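Asker: the sequence and its predicted three-dimensional model are supplied below.
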Amino acid sequence: MNHSLPNAKSETCRGEREKIQRVIAGRGLCGLANDTKWDEFISAMRARTGWTPRYRWKCVDGVPSSWDVEWIHHLPLPMISVEWFDLLYLQESREKRLPRRIHITDHSIWIEPLLKSIGLEYQKGQTMIRIFGYSPKNQDLFDSLQ
């Protein structure tokens with residue numbers, strides 16, 4: 001892990017973790033992920049070359065984010081705030097010739113083993129994988145299950 005980059009414990013303002021912990025307790029949420037697991041996951045995604053998935057998240061005290069692809073400074077830090085984290089695992093590639101062809105690459109073949117090895121709880125849908133930070137597992141905005 002590169003210690004110069006933001007990690008799962010990084011805060012944008014002092015006392016943020018304590019505020020989030022009060023929200024978690026108030027909602028009666030049970031943690032399914034921790035800083036160590038989130039750091040392993042983030043480090044693996046940052047180390048990936050060639051292609052990394054688009055992602056979005058929902059914090060325990062907020063609304064879902066829009067989709068993003070930047071894995072350094074756009075993450076919802078500290079990660080203790082993440083209720084769920086979605087990854088789009090299908091990559092679309094277009095050939096620039098006639099007839100035009102679209103190729104779909106399914107990256108869940110490496111993402112699922114990564115999540116299992118880290119011990120993160122997740123669910124796979126038709127186009128996305130949802131990683132759960134807390135239970136009960138929130139299914140809002142999740143795509144159809146396979």
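Answerer: Thanks, I have it.
Asker: Arg56 against Asp68, yeah?
Answerer: Yes: under the criterion of Cβ atoms under 8 Å, Arg56 makes contact with Asp68 at 6.8 Å. In short, each C-beta sits where N, CA and C put it, glycine included.
Asker: tell me which of the two has more neighbours.
Answerer: When neighbours are counted by other Cβ atoms under 10 Å, Arg56 comes out ahead of the other of Arg56 and Asp68, with 18 against 13.
Asker: which residues touch that one?
Answerer: Counting by Cβ atoms under 8 Å, 6 or more residues apart in numbering, Arg56 touches Pro64, Ser65, Ser66, Trp67, Asp68, Phe85, Asp86.
Asker: buried set for the host helix or strand of it?
Answerer: According to DSSP states H and E, Arg56 maps onto strand 55-59. Of the residues in strand 55-59, Tyr55, Arg56, Trp57, Lys58, Cys59 count as buried by neighbour count, 16 or more other Cβ atoms under 10 Å.
Asker: nearest to Cys13, of these?
Answerer: Nearest to Cys13 among the buried residues of strand 55-59: Cys59, at 14.0 Å, using Cβ to Cβ.
Asker: nearest spatial neighbour of the closest one, skipping sequence neighbours?
Answerer: When the adjacent residues along the chain are set aside, Cys59 lies closest to Ser81, with 4.3 Å between them (Cβ to Cβ, 6 or more residues apart in numbering).
Asker: now stretch 48-63: mean pLDDT?
Answerer: Average pLDDT, stretch 48-63: 94.
Asker: now stretch 106-117
Answerer: 98.
Asker: try stretch 18-33
Answerer: pLDDT averaged over stretch 18-33 gives 96.
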